[in-house]
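Asker: please find the sequence and the predicted model below.
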Amino acid sequence: MMGILSNLISGISLGSIYAIIALGYTMVYGIAKMLNFAHGDVIMVGAYICYCAISYLGLPPLVGIVMAICVCTVLGIVIEGLAYKPLRSAPSLAVLITAIGVSYFLQNSALLIWKSDPKVFPSIVKSMQPVQLFGGQLAISGITIVTVLCCVVVMTCLTLFISKSKTGKAMRAVSEDKVAAQLMGINVNGTISVTFAIGSGLAAVAGVLLCSAYPTLIPTTGAMPGIKAFTAAVFGGIGSIPGAMLGGILLGIIELFAKSYISTQFSDAIVFAVLIIVLLIKPTGLLGKKVSEKV
Amino acid sequence: MMLSVENIDVFYGAIHAIKGISFDVNEGEIVALIGANGAGKSTTLKTISGIMHPRNGKITFLGEDITHTDGYKLPAKGLAQVPEGRRIFLQMTVMENLEMGAFVQKKPTEEDFENVFTHFPRLKERRSQIAGTLSGGEQQMLAMGRALMSHPKLLMLDEPSMGLAPILVEEIFNIIREFHAAGTTILLVEQNAEMALQVADRAYVLESGVIALSGTGKELAESDAIKKAYLGG
C-alpha cells in the first residue's frame, strides 16, 4: 500500500517536471504552429547555468535559478529570432528540420563548453528534511515537494496570465488567427517572441528541478525528457495548456508505475504505447478540441 | 484626402494581381470597390491594411506614406478592417473579441462597449458567449463591432454581405449607413454590386486587377455596362 502511494507521489513529481516542459512545447505550438524540438536542450542549458552558478561561483541556489531563467529566456528569444523567424512562411518540414538542427547545435555547444564528463548537480533543496508520514513508513523528499509546488505555481500563474492579461489575450488571438490579430494592431512577431521567452524560462525551471531530482548532468540530459514532455503535450492535446499539465502528470505516473511493477527497461516503451492507444481513441489528445468554423 | 492609392502593383508570387490601380477616398465618403470574384478587390484591401505590400506605387493615409508600414501599426493610426470571412476569434468570448478590437488603446471603456451594443443589441445579449457559437449573421456583427472598438477614421469592409440571408444583408447595410452617419469614412468591397452602389457616394469597378470604370454610386447603378455585368439586367 505504502509502495503504491510512494510511487504515486514520485510519479506526480516526475510528471510535474514533464508538465512544465510540455507547457513550453504546447504554447509554442499553439502560437507559432511549430514543434520546437530544441526545447529539451534549453532545459539542459538551464541546468548547466544553474550548476555553474552554484558550483563554480558559489552563489546560493536561488540566484542560480534566476540566472538560469534569465539566460534561457534570452536564449529562447535568440533561437526564435535567428533560426525560426526567417522561416515564418516556409514549409513546416523546413522548420522542423531547423529545430532538430538547433537541438544538435545546443548539445554540441554544451559538449564544447562543459565537456562530456557527467557533472553532479547540487540539490537546490539541501536544507529541507524529508517529510515523514505514517510513522516513518512514507518519506517525501524536499525536492519532491518543491517540484510539485513549483508546478502548481507555474500552472496557476500561466493560466491567469493567458486568460486575464492583455498580452495573454493577444497570445490567444495570435494562436487563433495571425492575420486577424495583426488587423487588431497586435504585433504578431513580438507575441511569438514573448511565447518563446516564457517557454524557455519555464524550461530553465524544469531543468533545475529535473537535475535536482536526478543529479547527473551531461549535454544530452535534456533530450529524453524533452521527447517525453512532447509526448505529454500530444497526450494531453497539443496547444492546450491544461492538456499539457494533465498529460505531463499522467505520463510521470505511468512511467513510475511501469518502472516499479512491470519493467525498468520497458518503461519508456510502455509510456509510448499508452500514447499510441490514447491517440487511436482520441486523435486530438485528452483535452484537445477541434473547433469547426461556421459559415 | 483621407486615403490615396497611387499606381500600386501587387503580386502573388509571379501572378500580377493588381496592375497599377489608383483611387482616393475623401473624408466622410462611402467608397465602394466592386467587381467579380478574383478581380483583385480583397487584394487591394489587404494591401492597404498592410497584410500584403505592393511592389510598386504608393499608399498615403492621412498624409502619411504607409506603403511599407507594418500592418500591425495601422490600427493605431485610425485604419480598421473587417476582413473577408469575418475572422473573429472563435474560441474567445464576444467581450474578449471586442477587447481585442480595442487592443491599440490602453483599456477599452464602458462607452466603447456601449457604443457597439447600440449598433448591435444582439451582441449585448450574447456578450459572455464563445464567439464560435454565434450564428453567421451575429459573427458578421461581431466582426464589425470589433472593428468599431478602435474608433477608426477609415473603416474598410471586405464582403460584409457574403453568405448572409437577404434580410441580414439589409441589416448589415443599414448599420454601414449608421457608422457613416456617426462620422466614419468607409471603404467597402462588395460582390453584391446592387447593395454597394445604393450606399456608396462613389465607386470603382475592378476587372482583372485594373480599374475599368469609376463614378458616383448613382451613375454606375444606371450605367448599361454595369447593369449587364453585375446587376443582372
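Answerer: Received it, and whenever you're ready, just let me know what you need.
Asker: give me the neighbour count for the closest residue to B:Gln140 other than its chain neighbours.
Answerer: Take B:Gln140 and drop its neighbours on the chain: the residue closest to it by Cβ to Cβ, 6 or more residues apart in numbering or on different chains is B:Arg86, 5.7 Å away. For the C-beta atoms, the positions are set from N, CA and C on the backbone; glycine is no exception. Neighbour count for B:Arg86, taken as other Cβ atoms under 10 Å in any protein chain shown: 25.
Asker: can you give me the helices in the chain?
Answerer: I'll assume chain A. Using DSSP state H, the helices found in chain A span residues A:2-32, A:39-51, A:61-79, A:92-114, A:142-164, A:166-176, A:178-183, A:188-213, A:223-236, A:241-257, A:267-281.
Asker: hmm, I had chain B in mind actually
Answerer: Under DSSP H, chain B gives helices at B:41-48, B:94-101, B:110-119, B:121-125, B:136-148, B:166-181, B:193-199, B:217-222, B:224-230.
Asker: could you save those as CSV and add columns showing mean pLDDT and mean neighbour count?
Answerer: Putting the helices of chain B into CSV (pLDDT from 0 to 100; neighbours: other Cβ atoms under 10 Å in any protein chain shown) gives the following:
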stretch, mean pLDDT, mean neighbour count
helix B:41-48, 96, 24
helix B:94-101, 96, 24
helix B:110-119, 94, 15
helix B:121-125, 95, 15
helix B:136-148, 95, 24
helix B:166-181, 93, 15
helix B:193-199, 92, 21
helix B:217-222, 89, 17
helix B:224-230, 79, 15
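Asker: can you redo those helices as a markdown table with distance to A:Tyr56?
Answerer: Listed next are those as a markdown table, based on distance: least, Cβ to Cβ, whole Å:
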| stretch | distance to A:Tyr56 |
| --- | --- |
| helix B:41-48 | 54 |
| helix B:94-101 | 47 |
| helix B:110-119 | 55 |
| helix B:121-125 | 60 |
| helix B:136-148 | 54 |
| helix B:166-181 | 65 |
| helix B:193-199 | 71 |
| helix B:217-222 | 76 |
| helix B:224-230 | 76 |
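Asker: near chain B, which residues of the stretch 101-250 of chain A?
Answerer: A:166, A:169-170, A:172-173, A:176-177, A:179-188 (Cβ under 8 Å from any Cβ of the partner chain).
Asker: let's see it at 10 Å
Answerer: By the rule Cβ under 10 Å from any Cβ of the partner chain, the part of the stretch 101-250 of chain A lying against chain B is A:163, A:166, A:169-170, A:172-191.
Asker: now those residues: which count as buried?
Answerer: Neighbour-count burial (16 or more other Cβ atoms under 10 Å in any protein chain shown) applied to those gives A:169-170, A:172-178, A:180-189, A:191.
Asker: what residues are bridge-paired with the most centrally placed residue in chain B?
Answerer: Nearest residue to the geometric centre of chain B (Cα atoms, centre = their mean): B:Leu157, 1.4 Å. Beta-bridge pairing of B:Leu157 under DSSP bridges involves B:Val82, B:Leu188.
Asker: now the residue in the stretch 101-250 of chain A positioned nearest to chain B: how far from B:Arg55?
Answerer: Here the residue of the stretch 101-250 of chain A nearest chain B is A:Gly185; by Cβ to the nearest Cβ that distance is 3.5 Å. Going from A:Gly185 to B:Arg55 by Cβ to Cβ, to the nearest Å gives 25 Å.
Asker: domains of chain B?
Answerer: The record's domain parsing of chain B by automatic domain parsing lists B:1-73+B:200-233, B:76-184.
Asker: of those domains, which approaches A:Val234 most closely?
Answerer: domain B:76-184 (19.6 Å; Cβ to Cβ).
Asker: any regions of chain A where pLDDT drops low?
Answerer: A:290-295 (pLDDT under 70).
Asker: what's in contact with stretch B:166-181?
Answerer: With contacts defined as Cβ atoms under 10 Å, 6 or more residues apart in numbering or on different chains, stretch B:166-181 is touched by B:28-30, B:118-120, B:135-138, B:140-141, B:144-145, B:147-148, B:152, B:155, B:157, B:160-165, B:184-186, B:188, B:190, B:192, B:194-196, B:198-201.
Asker: can you do 7 Å?
Answerer: B:30, B:119, B:137, B:140, B:144, B:155, B:157, B:160-161, B:164, B:186, B:188, B:192, B:195, B:199 (Cβ atoms under 7 Å, 6 or more residues apart in numbering or on different chains).
Asker: swap in stretch A:40-47?
Answerer: Residues outside stretch A:40-47 that contact it (Cβ under 7 Å, 6+ apart): A:21, A:68, A:71-72, A:75-76, A:103, A:106-107, A:110, A:121, A:200, A:203-204, A:206-208, A:210-211, A:217, A:219, A:221-223, A:225-227.
Asker: between the helices of chain B, which one is nearest to A:Ala83?
Answerer: Of all the helices of chain B, it is helix B:41-48 that lies closest to A:Ala83, at 28.3 Å by Cβ to Cβ.
Asker: ok, that closest one near chain A or not?
Answerer: No. Figure legend: helix B:41-48 not in contact with chain A (Cβ under 7 Å from any Cβ of the partner chain); closest approach 8.5 Å.
Asker: and chain B, which residues reach chain A?
Answerer: Proximity of chain B to chain A, by Cβ under 7 Å from any Cβ, involves residues B:49, B:51, B:71-72, B:75-76, B:81, B:83, B:87, B:89-92, B:96, B:99-101, B:103-104, B:132, B:136, B:139, B:163.
Asker: report the buried members of these.
Answerer: B:49, B:51, B:71-72, B:75, B:81, B:83, B:87, B:89-92, B:96, B:99-101, B:103-104, B:132, B:139.
Asker: now A:Val146, nearest residue through space, not along the chain?
Answerer: Distances taken as Cβ to Cβ, 6+ apart place A:Val125 nearest to A:Val146, at 5.2 Å, with adjacent residues excluded.
Asker: that neighbour against A:Ile143, yeah?
Answerer: Yes. With contact defined as Cβ atoms under 7 Å, A:Val125 reaches A:Ile143; the gap is 5.2 Å.
Asker: the residue lying closest to A:Ala38 once chain neighbours are set aside: neighbouring residues, count only.
Answerer: In space, and not counting its chain neighbours, A:Ala38 is closest to A:Val102: 3.8 Å by Cβ to Cβ, 6+ apart. By the measure other Cβ under 10 Å, the count of residues near A:Val102 is 21.
Asker: who touches A:Val102 in this structure?
Answerer: A:Val102 neighbours (Cβ under 7 Å, 6+ apart): A:38, A:79, A:83.
Asker: do that again at 8 Å, thanks
Answerer: Taking Cβ atoms under 8 Å, 6 or more residues apart in numbering or on different chains, we find A:Val102 in contact with A:37-38, A:41, A:79, A:83.
Asker: and which of those residues is nearest chain B?
Answerer: Nearest to chain B among the contacts of A:Val102, with distances taken as Cβ to the nearest Cβ, is A:Ala83, at 21.6 Å.
Asker: how much space between that closest one and A:Phe272?
Answerer: From A:Ala83 to A:Phe272 the distance is 28 Å (Cβ to Cβ).
Asker: now do A:Leu111
Answerer: Computed as Cβ to Cβ, the A:Leu111 to A:Phe272 distance reads 27 Å.
Asker: any chance of the contacts of A:Val102 in a markdown table, plus distance to A:Gly3 and neighbour count?
Answerer: Output for the contacts of A:Val102, formatted as a markdown table (distance: Cβ to Cβ, whole Å; neighbours: other Cβ atoms under 10 Å in any protein chain shown):
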| residue | distance to A:Gly3 | neighbour count |
| --- | --- | --- |
| A:Phe37 | 36 | 22 |
| A:Ala38 | 38 | 27 |
| A:Asp41 | 35 | 29 |
| A:Ile79 | 42 | 23 |
| A:Ala83 | 46 | 17 |
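Asker: check contacts around residue 154.
Answerer: Went with chain A since none was named. By Cβ under 8 Å, 6+ apart, the neighbours of A:Val154 are A:20, A:23, A:202, A:205.
Asker: actually it's chain B I care about, not the one you picked
Answerer: B:2-3, B:25, B:61, B:78-80, B:184-187.
Asker: excluding sequence neighbours, find me the nearest residue to it.
Answerer: Nearest to B:Leu154 is B:Thr185, by Cβ to Cβ, 6+ apart, at 4.9 Å.
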